[in-house]
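Chemist: Return atomic coordinates for the entry below.
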Amino acid sequence: MKRLTATTVLCLLLFSAAFVTGKGPSAAPEYPDSLRSVWLYTEGVKQNAIAGDSVRARELFLEAIRNDSTYAPAYYELAANGMYATPDEAVELARKAFRLDTTNKWYHQFYGQALIYAGRYDEALKVYRRLQTENPKDPDNYRILAALYEQKQSPVMALVTLDSAELRFGRIPVLSAMKRRLLVATNQIDKAVVEARAMVEAAPYEAQRHVVLGDLYAIAKKDSLARAEYDRALQIDSTNVQTLMALADFHAGRQDYRALLAVTRQLFQSDELPLETKIKRFGQFTSDTRFYREYYFQLNDLASTLAIRYPDDKRVVELYAGHLIASGELEQALALYKSHLADQPPAEEYFRAVIDIESYLQHPDSVDKYVTRALELFPAKVDFHLSKGHVMSNSKQYVKAIGAYKGALRHADTDSLRSVIWGMIGDAWHQKAEAGEPNLEECLPLQTGLLGKKGIARKAMKECYKAYERSLRYWPDNTMVLNNYAYFLSLEERDLERALTMSSRVVALTDNNPTYLDTHGWVLFKLGRTDEARKILQKAVALDGQKSPELMVHYGDILHLLGEQFMAEIYWRRALEKGYDARQIEQRLKQPAVKKPEPKE
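Modeler: Below you'll find the predicted structure:
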């Protein structure tokens with residue numbers, strides 16, 4: 001045979017190309033240019049793997065397929081690299097690649113994987129049966145086939161598949177674990193124990209295998225054997241987190257909570273267990289108040305362990321402080337938060353906690369001190385400005401309180417928040433009016449020195465109503481402002497119809513709030529609608545459980561006007577017991593009884 005030189009081969013290639021393009025000496029059938037598809041495919045792989053441009057890679061693979069619709073590698077790359085719109089499209093691409101090259105095991109396996117991903121388990125089962133037959137030496141085919149049988153609620157077939165794998169390959173840990181799980185699921189605990197015991201005998205110095213056997217003994221209610229296996233695992237490695245977790249679960253299942261908490265302490269001392277898991281476990285233990293009380297000392301030990309190991313972690317600071325607060329150790333919690341106020345960067349939540357606790361403990365000077373420091377560090381935080389206002393208001397420095405609330409307005413970013421703040425400003429003006437302090441003129445544009453206390457109060461209430469109006473412009477359904485506005489109008493016995501409109505709106509927006517019902521009933525009372533007012537107040541008193549002295553006084557007043565003097569005096573006296581002003585109750589008790597109105601015919 002005559003040998004072809006390189007030049008001759010090149011000429012033949014050029015000649016054949018001419019025929020393919022129709023430019024040769026005679027017409028010839030056109031065939032796909034496989035070399036171009038190879039080049040496009042190779043460029044696509046480079047774009048995807050090297051340049052990381054999957055969009056361009058997809059374009060190149062699609063171009064390769066348009067150039068040669070039988071080019072299997074391009075279909076495979078499109079499917080395998082997620083260059084598709086839906087799982088079903090991936091299945092079609094994978095099926096096309098496999099059908100074009102049925103000898104390629106990668107295409108076959110990926111076709112099965114695509115079917116599983118698309119949730120088409122019946123079709124996937126058929127594919128993996130073929131794969132197991134065609135490639136019986138791959139244990140992964142047995143694993144996936146068994147998993148598919150399990151998915152199809154056929155645990156017996158799954159076990160048969162795993163038994164076949166065991167006969168062919170011997171015991172493989174992952175397949176053995178799967179087999180044990182299936183045996184437990186089908187209530188074949190004794191067989192599962194046999195499997196686990198065989199695994200232990202094969203590797204007696206692996207702690208995890210003893211743990212597995214211990215878990216199975218626990219399921220079988222053979223507690224002494226289970227404890228023996230856990231002990232052997234701990235002898236191999238006393239700090240193994242998986243062993244300790246299994247032992248903790250064992251004690252929890254037996255409701256042996258002291259033993260559980262003792263093991264948990266060992267877990268909390270381990271660096272291998274993530275802090276997030278420790279915090280979650282502590283939260284589970286402390287969610288039950290009775291459990292918290294009964295095992296307080298053990299839980300205190302756990303909290304202290306975390307505080308010692310993670311002294312600067314915010315989550316642990318909050319956990320330990322919360323534990324101290326739940327234990328009634330407010331001063332210790334306060335000291336803990338204060339010890340972290342100098343942390344860098346400063347933590348807003350620590351300042352909030354200190355301010356809240358100091359407020360609860362009624363330490364106004366300390367509250368003022370820490371609010372001032374917080375505002376120096378976080379001048380744009382609305383809640384610190386509001387805290388400043390509350391401090392000033394509680395110490396009866398209403399001018400400064402109003403100033404602090406207005407400072408908060410500069411940083412309020414929603415209309416609902418602006419409405420709430422203007423409501424607080426209105427409340428402060430009302431408190432100012434009730435106090436009638438002589439320094440009111442600092443906030444009023446008028447010379448009020450000649451007005452007297454009543455005149456000053458009227459001017460303050462005017463400012464109160466202005467603030468409420470501004471509040472309702474931002475949020476017309478601000479129930480607290482509507483309620484207060486209506487109530488104060490009823491006390492002044494002015495604009496009562498508007499007060500009724502506001503109180504009715506509050507009742508419609510809320511669900512049987514005794515305070516709001518009280519206001520609504522009182523407005524009705526002031527309008528002379530006494531019978532309606534009585535029904536509303538009776539409901540309010542029942543819902544309140546006779547806790548509010550003001551509510552009982554109002555109800556007594558209505559009963560008095562309805563001629564029910566005996567019941568009126570009962571509620572007035574109950575209000576007195578709850579702390580109502582004794583002088584006002586005495587005045588009411590001295591009032592002459594009102595004749596009970598005759599029933600209407």
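Chemist: Where does residue 252 sit, in terms of helix or strand?
Modeler: If you go by DSSP states H and E, residue 252 is part of helix 241-253.
Chemist: tell me which residues in the helix or strand just after that helix are buried?
Modeler: Downstream of helix 241-253, the first helix or strand assigned by DSSP H and E is helix 257-268. Residues 257, 260, 261, 263, 264, 266, 267, 268 are the ones in helix 257-268 that count as buried (16 or more other C-beta atoms under 10 Å). Every residue, glycine included, has its C-beta placed from N, CA and C.
Chemist: from what I can see the second one touches residue 245, true?
Modeler: No - with contact defined as C-beta atoms under 8 Å, residue 260 does not count as touching residue 245 (11.2 Å).
Chemist: residues shared between the contacts of these two?
Modeler: Common neighbours of residue 260 and residue 245, counting by C-beta atoms under 8 Å, 6 or more residues apart in numbering, are absent.
Chemist: Low-confidence ranges, the stretch 301-450 of the chain, go.
Modeler: Along the stretch 301-450 of the chain, the parts satisfying pLDDT under 70 run over 436-450.
Chemist: so where's the stretch 451-600 of the chain uncertain?
Modeler: Counting by pLDDT under 70, the stretch 451-600 of the chain shows low-confidence ranges at 451-453, 596-600.
Chemist: repeat that for 50
Modeler: Scanning the stretch 451-600 of the chain for pLDDT under 50 picks out the ranges 600.
Chemist: is it possible to export the buried residues of helix 257-268 to TSV including distance to residue 342 and pLDDT?
Modeler: Converted to TSV, the buried residues of helix 257-268 look like this (distance: C-beta to C-beta, whole Å; pLDDT from 0 to 100):
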residue	distance to residue 342	pLDDT
257	39	94
260	38	94
261	34	95
263	37	94
264	33	95
266	34	94
267	32	94
268	27	94
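Chemist: what's the closest of the residues you listed to residue 121?
Modeler: Nearest to residue 121, judged by C-beta to C-beta, of those is residue 267 at 38.6 Å.
Chemist: show me the contacts for that closest one.
Modeler: Residues in contact with residue 267 (C-beta under 8 Å, 6+ apart) are 241, 244, 245, 248, 273, 278, 281.
Chemist: which parts of stretch 170-189 are buried?
Modeler: Neighbour-count burial for stretch 170-189, with 16+ other C-beta under 10 Å as criterion, is recorded at 172, 175, 176, 178, 179, 180, 182, 183, 184, 188, 189.
Chemist: I should have written stretch 236-249 there, sorry.
Modeler: In stretch 236-249, counting by 16+ other C-beta under 10 Å, buried: 236, 240, 241, 243, 244, 245, 246, 247, 248.
Chemist: Give me the distance between the nearest residue to the last one once chain neighbours are set aside and residue 87.
Modeler: The spatially closest residue to residue 248, leaving aside those adjacent along the chain, is residue 263, at 4.5 Å (C-beta to C-beta, 6 or more residues apart in numbering). When distances are taken as C-beta to C-beta, to the nearest Å, residue 263 and residue 87 turn out to be 44 Å apart.
Chemist: repeat for residue 185
Modeler: Residue 185 sits 28 Å away from residue 87, going by C-beta to C-beta.
Chemist: Next: residue 340.
Modeler: For residue 340 relative to residue 87 (C-beta to C-beta), the value is 50 Å.
Chemist: quick one, which of those two is more surrounded?
Modeler: Neighbour tally, residue 340 and residue 87, criterion other C-beta atoms under 10 Å: the higher count belongs to residue 340, 19 against 14.
Chemist: Torsion angles phi and psi at the more buried one?
Modeler: For residue 340, the backbone dihedrals (degrees, to the nearest 10) come out as phi -110, psi 10.
Chemist: That one against residue 347, yeah?
Modeler: Yes - taking C-beta under 8 Å as the definition, residue 340 is a contact partner of residue 347 at 6.7 Å.
Chemist: so where's the longest helix in this protein?
Modeler: helix 452-474 (DSSP state H).
Chemist: From the contact counts, what lies against that one?
Modeler: Helices and strands touching helix 452-474, by 3 or more C-beta pairs under 8 Å, 6 or more residues apart in numbering; DSSP states H and E, are helix 415-435, helix 479-492.
Chemist: quick one: buried residues of the shortest one?
Modeler: By neighbour count, and taking 16+ other C-beta under 10 Å as the criterion, the buried residues in helix 479-492 are 479, 480, 481, 482, 483, 484, 485, 486, 487, 488, 489, 490.
Chemist: what about the closest residue to residue 150 other than its chain neighbours, helix or strand, and which?
Modeler: Leaving aside its sequence neighbours, residue 150 sits nearest to residue 158 (C-beta to C-beta, 6+ apart; 4.7 Å). Assigned by DSSP H and E, residue 158 belongs to helix 155-169.
Chemist: I'd say residue 391 and residue 363 touch.
Modeler: No - applying C-beta under 8 Å as the test, residue 391 and residue 363 come out as separate, 10.3 Å apart.
Chemist: Thank you, goodbye.
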